[in-house]
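Chemist: Give me a model of this one.
(one chain, ligands or ions: 1)
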Amino acid sequence: MSEIYDLVIYNGRLVYKDAVRSGGIAVQDGKIALVFDDQERPRGNQELDAGGHYVLPGLIDSHVHFRTPGLEHKENWESASKAAVAGGITTVLDMPNTHPYTDSVDRIREKETLIQGHSLVDYGFHIGVVPGKLLPLEVLRQEHAASIKLFLTGHRTARNVIDQDADLETIFRLAAHRQIPLTLHAEDDAVLHLYRQVHKLPDNLASYEAIAPRSGAIAAIARVLRLVRKYGTSIHVLHVSSEEEVDLLETAASAGYPVTFETTAHQLWFDLDSASALGTKTKLSPAIRSSRDRTRLWAAVKNGALTSVGSDHAPHSQEEKAADFGEAPPGLPGVQELLPVLLTGLERFLPELSRDERLSKVVSLLAEGPANRFRLNHRKGSLRPGLDADLVIVDDQQTWQVEAKDLHSFSGWSPYEGLTLSGVPLVTIRSGQIVFDRGIFGKPEGHSVNYAPAPIATFEQVSGSPFH
Ligand SMILES: [Zn+2]
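Modeler: Residues are numbered from 1 along each chain as shown. Predicted structure coming up:
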C-alpha cells in the first residue's frame, strides 16, 4: 500500500457505460494502475482533486477531417488537436480525403511522420480507395488502419467515388478476408446525380436537401447490405441522417449482419427548420433532414442501437463558406463542440434520462462504442486498470455561450455560435500527461494508436454461411 503513483485523481464521479461510482484513478507509466474508493486513496507524486465532477475515459472521435496534408488553409493538425483536447477528446481517427489522398500504407506512414510532434491527441487513420486502383489494398493489414473508407458519392473535397460494381465487389471481399471493417459514406451517386439533373441549383437549405434526398441514402444502404450478405464484410455506416436508414440498419443488425452505424452531433442537434437560418454553414453531406429524422436518431441513442457519434469535423474557411449556396462546400467544424452538443442534446431530447445516465450515454457513444468498433478497446475507451490513462474531468452543469474566440479550430467559426451549451471539459489527460487544463495546453506528444489483432465479427461467425 506504500506505492506512490505518478498521478492520483480523487474525489471524482467515475463514469462507465452502465454505471457511475464515486472514487478516483491512480496512474502509473501512462496507464490506469488502480481504480479506488476515496476512503482508500493512494498517494501520488501529482495529486488532482476532481472536485466531485465526473471523470470520463478520454473521448474518441472516430470521424474527423483534420485536413493535413494539403488543405491547411482550412485546418491544420496542431489547431485541430487543440480543439479536440479542449473538447475532452484524446484520440481521433482521421479520414483519407487529404492531398495527397491517403490511399496506401505508405501514405499513412507519411501522414504519421508529418503529424508526429504536432499532436496533443493520439491518432489513427481510415485508408481511402481510388476507383479502379485497388492494388495498394493488397498489402493492407489490420494493424495499418482503423478501416477502409469508401465514398459512394462525392463532393468538392471527396472526389474518389467508388460506384462501379466490380470495385465494390473486390473491396467487400478483400475487407472480409482481411477482417478490416469498411466505413461508408452511403449515399448513392447515381440517385443524387439524377436529382441534380432535374432540379435547379439550390439557393437554401431546403432546396439543397431536395437534391440530396433520403432516397439516395436509402438506395445506398440497400446496395451495401446485399454485399454484406454476399461476403460477410463488417461495415460501419457514417453520418446516418434519416429515419429509414436507422430502421434498415437496426433491422440488419438484429438479423445478425455485422453492421454498425453512427450519426453526427450536428444531425442530432439541428433539423431543417432550426438550421435554415444558418445558410451554407449547415450545408452538409449528407444533408440535414427533418425533425422526424432527428427524433428517430435520438431513439437510436436511447435504445443503444447507435454505436458512436462522430463530429465529422470537416472545416472549410469562412471565405469558402461565404460562396453562394450552390458553390459553397459541404462540411463544418465541430470537434471541440462534440461533447457539449451531445450533453446538451441529451438534456433537451431525452429529458427522461438522469444526470448519471446522460454521462453514461456519452461514455458509450464517445468512448466505449468507437473503441470496441475500431479495435482500440485493449488500450482505450474505459476506466479500467491496464488501459491508457486517457481521462477527462467534466463539469456537466457549467454552461457556456459558444463564441468564435473560444474555439481553437483554425477555421475560426462554428455552426453553434451564440448558443448556450452545458458541459465544460476542465482537464484532459492523455497517457497520464495533462494536455489541457482550463485553457492551458500541454505538450503535443500524441502518437499512433495500436489496433488490437482480435478478429472482428463477420456474418459467418454470427449466423452461419451467407452463401446458402
Ligand atoms: Zn466525413
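
Chemist: What ranges in the chain fall below the confidence cut-off?
Modeler: Low-confidence regions of the chain, defined by pLDDT under 70, span residues 1-2, 156-157, 454-468.

Chemist: From the centroid of it, which residue is nearest?
Modeler: Gly310 (2.7 Å; Cα atoms, centre = their mean).

Chemist: Excluding sequence neighbours, find me the nearest residue to it.
Modeler: Spatial nearest neighbour of Gly310, excluding adjacent residues (Cβ to Cβ, 6 or more residues apart in numbering): His63 at 2.9 Å. Where you see a C-beta, it was placed from the backbone N, CA and C, and this is true even at glycine.

Chemist: Pretty sure the residue nearest to the centre of the chain sits against Val240.
Modeler: No - with contact defined as Cβ atoms under 8 Å, Gly310 does not count as touching Val240 (10.6 Å).

Chemist: what sits in contact with each of these two?
Modeler: Between them, Gly310 and Val240 have Glu262, Thr263 as joint contacts when contacts are counted by Cβ atoms under 8 Å, 6 or more residues apart in numbering.

Chemist: Ramachandran angles for the closest residue to Thr428 other than its chain neighbours?
Modeler: Taking Cβ to Cβ, 6+ apart as the measure, Thr428 lies nearest to Phe436, with 4.0 Å between them; neighbours along the chain are not counted. Here the main-chain torsion angles of Phe436 (degrees, to the nearest 10) amount to phi -150, psi 130.

Chemist: same for the strand or helix carrying the residue nearest to Gly310, what does it pack against?
Modeler: With the criterion set as DSSP states H and E, the secondary-structure element containing His63 is strand 59-64. Helices and strands in packing contact with strand 59-64 are listed as helix 77-86, strand 89-94, strand 259-264, strand 308-310, helix 338-349, helix 369-373; criterion 3 or more Cβ pairs under 8 Å, 6 or more residues apart in numbering; DSSP states H and E.

Chemist: Quick one: name whatever helix or strand follows the shortest one.
Modeler: The element immediately downstream of strand 308-310 (helix or strand, assigned by DSSP H and E) is helix 318-321.

Chemist: again with the third one
Modeler: Going down the chain from strand 259-264, the next helix or strand is helix 265-269, by DSSP H and E.

Chemist: could I get the helix or strand just after that following helix in PDB with only the CA atoms?
Modeler: For helix 265-269, the following helix or strand on the C-terminal side (DSSP H and E) is helix 272-275. Only the C-alpha atoms of helix 272-275 are listed here, as PDB (Å, rounded to 0.1, in the frame of the first residue of the first chain):
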ATOM      1  CA  LEU A 272     -34.100  21.600 -41.400                       C
ATOM      2  CA  ASP A 273     -36.100  24.300 -39.600                       C
ATOM      3  CA  SER A 274     -33.600  25.200 -37.000                       C
ATOM      4  CA  ALA A 275     -30.600  25.000 -39.400                       C
END
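
Chemist: distance between helix 272-275 and the chain's centre?
Modeler: 23 Å (Cα atoms, centre = their mean, to the nearest Å).

Chemist: tell me what that helix is packed against?
Modeler: Helices and strands touching helix 272-275, as assessed by 3+ Cβ pairs under 8 Å, 6+ apart, comprise helix 205-211.

Chemist: quick one: buried residues of the helix it packs on?
Modeler: Of all the residues in helix 205-211, those buried under the rule 16 or more other Cβ atoms under 10 Å are Leu205, Tyr208, Glu209, Ile211.

Chemist: Show me what it is in contact with.
Modeler: Under the criterion Cβ under 8 Å, 6+ apart, residues 192, 195-196, 199-200, 202, 272, 275-276, 278-279, 282-283, 287-289, 325 lie in contact with helix 205-211.

Chemist: show me the contacts for the spatially closest residue to Arg21 that is not a sequence neighbour.
Modeler: Leaving aside its sequence neighbours, Arg21 sits nearest to Leu14 (Cβ to Cβ, 6+ apart; 5.3 Å). Contacts for Leu14 (Cβ under 8 Å, 6+ apart) come out as Val20, Arg21, Ser22, Gly23, Gly24, Ile25, Val35, Tyr54, Val55, Leu383.
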